[in-house]
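Student: okay, here's the prediction I keep looking at, along with the sequence it came from:
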Amino acid sequence: MARFRKNKRVPFVRPMLKKQPTVDHVTGDKIPKSFVFSRGKLPGVLRQLQMDMRKLMLPYTALKLKEKKRNNIKDFLNVAGPMGVTHFLILSKTESSPYLRVARTPQGPTLTFKIHDYSLAADIVKSQLRPRCHKDLFQNPPLIVLSGFGTGEQHLKLATIMFQNIFPAIDINTVKLSSCQRIVLLNYNKDTKRIDFRHYSVRLQPVGVSRRVRKFVQNRQVPDLSSLKDVSEFLTRAGYGSESEVDDEAATVSLPTDLGRVNRASNKSAVKLQEIGPRMTLQLVRIEEGLCSGGVIFSEFGKSYSSLI
Amino acid sequence: MAEATQSVDFKNFGRKRNPGKKKGKMARKRQRTMPQGGERKGKIDLKMRKMFQKRARDYNSDEEDEDDDEPAEQDAVAIEVDGRRKNNEKFEVGSSDDGEEENEAMEGEEGEVSEDENGGILPGVVRFSEGIKAFKLAFKKIVKKSGGDDDVLGPVLSAHKKLLGEKLAEEEEDKKVKGGIKKEKHLISEKGHVKPENFLDAHEKFLLGVATKGVVKLFNAVNKAQNAQKGFNPSRTKDEKAIKQRRKEAFFSELGKTSTQSVGTAIKVGTSSGSVDGEAPAWAPLRDNYMLTNPKLKDWDKMQDTKAADDFGRTSDADSSSDDK
């Protein structure tokens, strides 16, 4: 006799995904989204770099994008349309070096960068004494700072526009400073023609407050007063070595609103940057009209094209 | 005998429905066991035949014609053949062993064999305890013997010292080549991968400075923009209007100086190698759709008069230029 099934099979329910808005609520701009994937088989290190890049592009990217060997760019392009993906970051590797292609979909230009050297986020974390990488960092898109790109050359201008549009624009009238947690720096070196790609976290600290007091306010823990003779000593006694943080006048800002418990609008705060994420040295090698195809607008090595700009 | 039991079985069937089960079982068992010997022989034959065929193929290719016509023959013949095979095989194994032994003998007969005899190992049955002692002695001797100056292999019991040495050398070389290939691959895959130092060098410091400058610039801009609308609650309509008014003022004051100042500075910022903030075009007044989204643009020129109190505090003389727009 057939037994009755005791535990009813629960049908697989896809977890409800929180739909990401395609349009900014406040400013009404279209939010750029990106895919980071690779062409060809990458060694493990570069796959990690790809993961780091995905994290950098958060939150408007596919963190767990699965790719197969037989996927070609058209597949990604087909998916990109309905999902509102506007940019592709494509990692690839040749015998000489790895390459990064930044492309606008569906038609836009493709910039090909040669990655001269790179360090993973893990390497940077390892090199730091006190790495700082909490999850909230990646809940907001990074700011982007481009430096040294204004040499007047057309291809650099194009690169500037490309990178500015890869992250959502912010409206300074409405932006909350608490959402500015990360910064991506692209520094163009005129002499070597290379671009330094860095990724920092932004932290604010009140200026003119001793470390002890700052920690006391931050941690909400009862401080250890056992070595002190009087309570007042806690404030009056000079701190030790770490007081050497030179408060640069250039790096201080005054905030429009309070930011957390420590950074008050009334007093000045210092901007502290700490490196996270990957580090790369890029060289713009080629610009193509189409998505990884089409006419070559600019080529670093091919002389015949450079006059066509 | 099997037939006999069977007949008994039949008789039982005739008399009773359920004859002595035990007996039947036993009978069947007997029945089974009896011919089993023969069957097993046959089975072994099959197995053995296959094995022997294989061995024969390995050792001697002349036998193959016999293998082909064997399946047609019956077991009796097969046994015969097996016998022959066994002999053959024995002979072959013996011959191969002989060959090896000959080799051994050529190299180290007087060395090892004689020593074995000195150690007291005798062919035949040896008692366990004695065996341990004898084996120990022999082994000790062998170990003691080798270990000379250029004896790399150490005490090798086999006589094929030269062969062994060659093989080892070859293996090592193989390993080396393989390792080299692997290393090369690893190097290629790691190309460009740099582990950063624990300290900030000058370049990193410079980059950090640039980034800090950019952030400070942005924060200051935000501060300036948001301080202007401080004290208003954007959700209240009244305040919203005021905020809009302010923004408009700021916009027109900006517009007023476009022809003279702001465009110039924008270009300057673009051309200078200083940090160009990515957020610059994100600033609402500079965006293309700013005017379009603002519904009350009809009386924009009236607002110009109130501009004296705007937060930027600039008196622009470019009313005419803004009129053109």
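Tutor: All right, it came through fine. Numbering: from 1, shown residues only, chains lettered A, B, ... in the order given.

Student: residue B:195 reaches residue A:122, doesn't it?
Tutor: No. Residue B:195 is beyond contact range of residue A:122, at 10.0 Å (criterion: Cβ atoms under 8 Å). Using the backbone N, CA and C atoms, a C-beta is placed for each residue, glycine as well.

Student: buried ones in the helix or strand hosting residue A:204, by neighbour count?
Tutor: Secondary structure from DSSP states H and E places residue A:204 in strand A:194-206. Buried residues in strand A:194-206, counted by 16 or more other Cβ atoms under 10 Å in any protein chain shown: A:194, A:195, A:196, A:197, A:198, A:199, A:200, A:201, A:202, A:204, A:205, A:206.

Student: then stretch B:187-195?
Tutor: Within stretch B:187-195, the residues that count as buried by 16+ other Cβ under 10 Å are B:189, B:191, B:192, B:193.

Student: name the nearest of those residues relative to chain A.
Tutor: If you rank these by distance to chain A using Cβ to the nearest Cβ, residue B:189 comes first, at 3.3 Å.

Student: give me the element residue B:134 is part of.
Tutor: Per DSSP H and E: helix B:128-145 holds residue B:134.

Student: which regions of the stretch 101-250 of chain B lie under the pLDDT threshold?
Tutor: Within the stretch 101-250 of chain B, the segments meeting pLDDT under 70 span B:101-131, B:146-159, B:229-236.

Student: can we see that at 80?
Tutor: The stretch 101-250 of chain B contains residues with pLDDT under 80 at B:101-132, B:142-162, B:164, B:198-200, B:226-250.

Student: and it, which residues reach chain A?
Tutor: The stretch 101-250 of chain B comes close to chain A at residues B:188-198, B:203-204, B:207-208, B:210-216, B:218-223, B:225-227, B:229-230, B:247, as judged by Cβ under 8 Å from any Cβ of the partner chain.

Student: ok, 6 Å please
Tutor: Neighbours of chain A within the stretch 101-250 of chain B, by Cβ under 6 Å from any Cβ of the partner chain: B:189, B:191-196, B:198, B:207-208, B:210-212, B:214-216, B:219-223, B:225-227.

Student: so of the residues you listed, which ones are in helices?
Tutor: Using DSSP state H, the members of those that fall in helices are B:189, B:207-208, B:210-212, B:214-216, B:219-223, B:225-227.

Student: helices or strands up against the one helix or strand residue A:184 maps to?
Tutor: Applying DSSP H and E as the criterion places residue A:184 in strand A:182-189. With contacts defined as 3 or more Cβ pairs under 6 Å, 6 or more residues apart in numbering or on different chains; DSSP states H and E, the secondary structure elements packing on strand A:182-189 are strand A:143-147, strand A:194-206, helix B:202-228.

Student: hmm, try it at 8 Å
Tutor: Counting contacts by 3 or more Cβ pairs under 8 Å, 6 or more residues apart in numbering or on different chains; DSSP states H and E, strand A:182-189 packs against strand A:143-147, strand A:194-206, strand A:268-288, helix B:202-228.

Student: tell me the angle it makes with strand A:194-206.
Tutor: In terms of direction (axes from the mean of the first three to the mean of the last three Cα atoms, to 10 degrees), strand A:182-189 departs from strand A:194-206 by 140 degrees.

Student: picking that back up, please, a ChimeraX command that selects the buried ones among the ones in helices among the residues of the stretch 101-250 of chain B next to chain A?
Tutor: Here is the ChimeraX command that selects the buried residues among these (16+ other Cβ under 10 Å):
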select /B:189,207,208,210,211,212,214,215,216,219,221,222,223,225,226
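
Student: where do the helices sit along chain A?
Tutor: A:44-57, A:73-83, A:121-127, A:154-164, A:211-219, A:233-236, A:303-306.

Student: what's around the residue in the stretch 151-300 of chain A that chain B sits nearest to, how many residues?
Tutor: Nearest residue of the stretch 151-300 of chain A to chain B (Cβ to the nearest Cβ) works out as residue A:169 at 3.4 Å. Residues lying near residue A:169 (other Cβ atoms under 10 Å in any protein chain shown) number 23.

Student: got it, and residue A:292?
Tutor: 15.

Student: residues in contact with the residue nearest to it when sequence neighbours are not counted?
Tutor: Once flanking residues are discounted, residue A:292 sits nearest to residue A:110: 5.2 Å by Cβ to Cβ, 6 or more residues apart in numbering or on different chains. Residues near residue A:110 by Cβ atoms under 8 Å, 6 or more residues apart in numbering or on different chains: A:101, A:102, A:103, A:104, A:287, A:288, A:290, A:291, A:292, A:293, A:294.

Student: show me what the third one is bridged to.
Tutor: When bridges are called by DSSP bridges, residue A:103 pairs up with residue A:88, residue A:110.

Student: one more: the fifth one?
Tutor: Each beta-bridge partner of residue A:287 is listed here: residue A:111, residue A:298, as defined by DSSP bridges.
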